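>>> curious how this folds, go ahead:
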Amino acid sequence: MAFDPSDVRYWLGEEVHLFVFRRQGVTLRYASSTRDVVIGEHTYVAAQIERDAIRQTPERAKDALKIRMAYLLEPAADEYPPTQELGDWWRPYIPSDEISVICLSYDPSGLEPPSVEWMGTVVGPTYTDSRMELSCDPYGGHGDAANQGPKAQRACCKVVYSTGPRGCNLPPDGYVVPATLTAVAGEDLTAPEFADPKRTFVGGHVEWPDAADPEIVHRRTIVAHAGTTITVADDAGDLAASSAVTAHTAGFWVRGAVAVDGIDGLTLTVPEFAGTEFSLLGGTLYWDRADGIREERPIMGHNAATGAVTILWGGAELEDGVPVSALPNCPGTWAACAARRPDPELHYGGSVYKPVRDPILEGVSMSWG
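Below you'll find the model as predicted:
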């Protein structure tokens, strides 16, 4: 970085505070200086930004951090501060994903790289007409949720599509079925592994590496399935008997695009959402913004006849013609698990035989026998 005589910090030997904010794949960098700070390949934009002194104490509440910066609520301002883009992450729509922050210190008069002084997540913002203050927590909110163990209840306590002890490990993209072909006839591929899929293959796809260049992977959509034979779209390429392939059953995703004039407040009409295999009520709607951020919203209502869904709150760039994806939720019942898996007894997290009658109101025995 070149010497900047206009910055008083160089003469006083004061440290410059650097800030790194990350949201999914988007990163914003700021410096509490009068000019941009370039360190390696990264540029920290000069901004009116400051933070509290960092404290490390036995009391968790005292380890929190406040970061203040310029932000204008005036929609017709002549000029906005560099930190306006960061503040827009919370206005007018709150984010559905976690935003992390890293605080660094840097001595511009020395040769040492910046040092990390604090890391955490943004809990929430507060605004005045010209300033935004972020409350940040070094611990995040994942460990704050109580009662995360299994429950003795009839409904399943597992998180759908999630992995680990609390997840049901349901694959949203469909089950993977490795197979070795015994015959190839045009677009028809035959293998004994195709005889008893966990879900229908129709709507899924099959993949295999190129014979000449294994780094090239071919992919074909599966359009039909009968017995041990699947039919792929287009052609079967260089496949032959004894070729190894990987077939994927139909996934749980529902993809489409918002219909023209299909937005009415928080209700979106997507033709592909009509007549879905599973109800989208309680599921999640996704779409990608131009800046690379993927937005998601809970689905509060689903009309299977018209394809209309109602989301909990709006979002930027959600307009006519935007491609959207939806992932249905699981009601957490035995019937729902059996509809999604061939072996629900190995995955269902509820207590099927737990009594549900009220022993006091109905005068029935409290015995489980």
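>>> show me the shaky parts of this protein.
Scanning the chain for pLDDT under 70 picks out 1-14, 57-62, 140-151, 355-360, 363-369.
>>> for it, just list every one of the helices.
Per DSSP state H, the chain carries helices over the ranges 8-12, 84-87, 334-340.
>>> identify each buried residue in stretch 238-257, please.
Using 16 or more other Cβ atoms under 10 Å as the test for burial, stretch 238-257 gives Leu239, Ser243, Val245, Ala247, His248, Thr249, Ala250, Gly251, Phe252, Val254, Gly256. All C-beta atoms are positioned from the backbone trio N, CA, C, and that covers glycine.
>>> state the pair within those that is farthest apart.
Spatially, the most separated pair among the buried residues of stretch 238-257 is Ser243 and Gly256, at 33.6 Å (Cβ to Cβ).
>>> how many other residues sit next to the residue nearest to Leu65 when sequence neighbours are not counted?
Nearest-residue entry for Leu65: Cys136, 4.5 Å, with adjacent residues in sequence omitted and distances by Cβ to Cβ, 6 or more residues apart in numbering. Counted with other Cβ atoms under 10 Å, residues neighbouring Cys136 total 23.
>>> do the same with Gln48
By other Cβ under 10 Å, the residues close to Gln48 number 15.
>>> quick check: bridge partners of the nearest residue to it once chain neighbours are set aside?
Using Cβ to Cβ, 6+ apart and skipping residues adjacent in sequence, the residue nearest Gln48 is Ala70, 4.1 Å away. Beta-bridge pairing for Ala70 (DSSP bridges): Arg131.
>>> how about Ala70, what does it touch?
Counting by Cβ atoms under 8 Å, 6 or more residues apart in numbering, Ala70 touches Ala47, Gln48, Ile49, Pro81, Thr83, Gln84, Ser130, Arg131, Met132.
>>> got a quick ChimeraX command for the buried subset of these?
A single ChimeraX command is used to select the members of the contacts of Ala70 judged buried by 16+ other Cβ under 10 Å:
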select :47,49,81,83,84,131,132
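>>> strands along the stretch 101-250 of the chain, start to end?
Assigned by DSSP state E, counting those that start in this stretch, the strands in the stretch 101-250 of the chain fall at 115-127, 131-137, 176-180, 183-185, 188-190, 205-209, 217-226, 229-232, 244-248.
>>> looking at those, which is buried most?
The highest mean neighbour count among the strands of the stretch 101-250 of the chain, using mean count of other Cβ atoms under 10 Å, belongs to strand 229-232: a mean of 22.
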